[in-house]
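Enquirer: Everything below, folded, please.
(one chain, ligands or ions: 2)
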Amino acid sequence: MMVDGILISSLSVDDVSILNSKGNIMAKMKAAMAAVLVMEKEGITTAFGVPGAAINPLYAQLRERQSITHILARHVEGASHMAEGYTRAKAGNIGVCIGTSGPAGTDMITGLYSASADSIPILCITGQAPRARLYKEDFQAVDIETISKPVTKMSVTVREPGLVPRVFQQAFHVMRSGRPGPVLIDLPIDVQLAEIEFDIDTYEPLPVYKPAASRKQIEKALEMLMSAKKPLIVAGGGIINADADALLVEFAELTGIPVIPTLMGWGTIPDDHPLMAGMVGLQTSHRYGNATMLASDLVLGIGNRWANRHTGSIDVYCKDRKFIHVDIEPTQIGRVFNPDYGIVSDAKAALELFVEVAKEWKAKGMLTNYSEWVERCQERKSLMLRKTNFDNVPIKPQRVYQEMNSVFGRDTIYVSTIGLSQIAGGQFLHVYGARQWINCGQAGPLGWTIPAALGALASDTTKTVVGLAGDYDFQFLIEELAVGAQFNLPLVMVLVNNSYLGLIRQAQRGFEMDYCVQLAFDNINVDDHNLKGYGVDHVQVVEGLGCKAIRVSDPNKINAALIEAQKMAKEHRVPVVVEIILEKITNIAMGTEINNINEFEDIDCRHPAGTEGLVAAGLLE
Ligand SMILES: Cc1ncc(C[n+]2csc(CCOP(=O)(O)OP(=O)(O)O)c2C)c(N)n1
Ligand SMILES: [Mg+2]
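Expert: Ligands and ions are numbered 1, 2, ... in the order given. Predicted coordinates:
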């Protein structure tokens, strides 16, 4: 628009701009417009949401600007998980989810919980009743600010229109600073509509606060490392958040210290790297990973939180070994157990210094040689496997992951959430890069996989994104597949159908029951007697939602189905689901301690003398 002969191109035609006495441009605009302009300056290009009356003023400004692509979810919880998948797909991304007042905000609480638990920034925006109607039990007026407090880094109902752009500015600063996490901004409708003075042209994002290790701290940690005989690095999701995976690998290679990625840090070092020593834990772990952890004498954790499914009991996990813990959040150090040494630092800042000091020490011949320890770790990795090559019909789940590994390329991005499918995925799949295992670590809400995978794909539709879900996880937010069909998101979904709440069925073994965990029923619309008893006809539902589906019941046809699904996704630009009909009851390896994992199926011990050979070779401690 033109004001006094000056073109003010960045503002809406609704806005009134005037010149002040010094000739500077003063911009009057709706507070909702200021919010959109700040989001633009902070790099937001995509939002996931569900509109409603109380958030329509913001949608009016989104429409006016046409700068932020809006993806319409089918459930507001879906929008919140899409935002999380979007953030995780690429360094620097921040996913935005938008909903109206009342139930939209409460629907997104699960997404906020998931994001805060896994240190993922997402911006959640909700509409709200007018300020004067708060506390009067108005239609869809809920105190979302209070409800969301424990699952956000900041949550605020903005009661002063002039504060809208400043609250958004603060939100981006808070989400990106320290341990990242989500923010909720709740906007009463009259606040969105109010006219405020705001100058976007000179707006600047606030500097981000990230504590950094000192050289003295890094030297002390390196000294401790070098005095160990069998050290390990535990690489957590903080390394991915800090975009520091290349530095991690450089440091591991410089020092020759093997790396155990956590489930959140999986991909920070490629699975086939000689220093990738396996994953540790009660469920998503490798036999060789746990054995190597039990053999180690010192562990350097970087950007990890000693999650209980990784450690098991602290007694077993910490026994006879020293710990160094590097984390960006001071109150994470000592939270689960007190390490022998702690450093408060962003993972990237710490690893930069670790690499710098290690290079100097290497030049001076001050680094310990760990080649023998590395060899032992590699032997475990090549010998201590689990069997996957089953030919059984119905299909055993282990076989599915073997086929996925053979079909999907090194650049594949896997998305998974919870259940036996996710646990087996963690045990058997291969991941070769950071952000290629997008997994809900702490919260594990059923239904997360489909929307999170769609969110990841929305960040870059040229990427190969493969979702992995059990039948119950799949059914929880199945309607989101329609979002993929509408917005042309070529997701490949592997649906492993055991017609059971498998993980809970397995957990109930301890109670000697199999109670309320069956998804099986005789589907009156299915004639095939092999399928009838599996309950929901997923292929019918998926096609009804505008997507494609392939069903596989023969283990020898999984491979071709996965190849075909990738082709179909490319051709039709819609989600393609490969449903694999599994054996209903298969238990997946897990246990109560990292030295006490139950192997329910055959292991694949490649030592010629079996487990006794491993013991004789000194590989098990
Ligand atoms: C919202 C929610 N409710 C309950 C659970 C507990 N839970 C974890 S796994 C699971 C069953 C998952 O079944 P399915 O998705 O079919 O995977 P499977 O274990 O059979 O492979 C349940 C009920 C949960 N994680 N989230
Ligand atoms: Mg199941």
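Enquirer: For the stretch 451-600 of the chain, which residue gets nearest to ligand 2?
Expert: Gly470 (3.7 Å; CB to the ion). C-beta coordinates here come from the backbone N, C-alpha and C atoms, glycine included.
Enquirer: Is Pro207 part of a helix or strand, or is it coil?
Expert: Three-state call for Pro207 (DSSP: H, G, I helix; E, B strand; the rest coil): coil.
Enquirer: which residue packs closest to it, ignoring adjacent ones?
Expert: Using CB to CB, 6 or more residues apart in numbering and skipping residues adjacent in sequence, the residue nearest Pro207 is His173, 7.8 Å away.
Enquirer: For the residue of the stretch 451-600 of the chain closest to ligand 2, grab the count of nearby residues.
Expert: Counted with other CB atoms under 10 Å, the neighbours of Gly470 add up to 31.
Enquirer: Check whether it really touches Ser499, as I assumed.
Expert: No. Assessed by CB atoms under 8 Å, Gly470 is found out of contact with Ser499, at 9.9 Å.
Enquirer: For the residue nearest to Pro207, report the pLDDT, please.
Expert: Here the pLDDT value assigned to His173 is 98.
Enquirer: likewise Glu621?
Expert: 77.
Enquirer: Likewise for Asp15?
Expert: Looking at Asp15, the pLDDT reads 49.
Enquirer: Please identify the helix or strand for Gln140.
Expert: For Gln140, there is no helix or strand it lies in under DSSP states H and E.
Enquirer: which residue packs closest to it, ignoring adjacent ones?
Expert: Per CB to CB, 6+ apart, closest to Gln140 is Gly102, 2.9 Å.
Enquirer: Quick one: distance of the longest helix belonging to the chain to the chain centre.
Expert: The residue-count maximum for a helix in the chain (DSSP state H) belongs to helix 347-363. Relative to the centre of its chain, helix 347-363 is centred 28 Å away, using CA atoms, centre = their mean, to the nearest Å.
Enquirer: Quick one: mean pLDDT for it?
Expert: In the prediction, helix 347-363 has an average pLDDT of 98.
Enquirer: So which other helices or strands are in contact with it?
Expert: helix 215-226, helix 237-241, helix 245-255, strand 298-302 (3 or more CB pairs under 8 Å, 6 or more residues apart in numbering; DSSP states H and E).
Enquirer: Can you spell out which residues form a bridge with Gln518?
Expert: Tyr500 (DSSP bridges).
Enquirer: In contact with it, which residues?
Expert: If you count contacts by CB atoms under 8 Å, 6 or more residues apart in numbering, Gln518 has them with 499-501.
Enquirer: Cross-check these against ligand 2 and keep the overlap.
Expert: With CB under 5 Å from the ion as the criterion, the contacts of Gln518 include Tyr500 near ligand 2.
Enquirer: Tell me the one among the contacts of Gln518 nearest to Gly301.
Expert: Leu501 (33.0 Å; CB to CB).
Enquirer: Phi, psi for the closest residue in space to the closest one that isn't next to it in sequence please.
Expert: Leaving aside its sequence neighbours, Leu501 sits nearest to Val517 (CB to CB, 6+ apart; 4.2 Å). Dihedral pair for Val517: phi -120, psi 0, per degrees, to the nearest 10.
Enquirer: Now do the same for the residue nearest to Gln140: its pLDDT.
Expert: 97.
Enquirer: What is the neighbour count of it?
Expert: 20.
Enquirer: How about the backbone phi and psi for it?
Expert: phi 70, psi -120.
Enquirer: And Met293, by the same measure?
Expert: Torsion angles, degrees, to the nearest 10, at Met293: phi -60, psi -40.
Enquirer: Start at 30, not 1
Expert: Right, with 30 as the first residue, what we last looked at is Met322.
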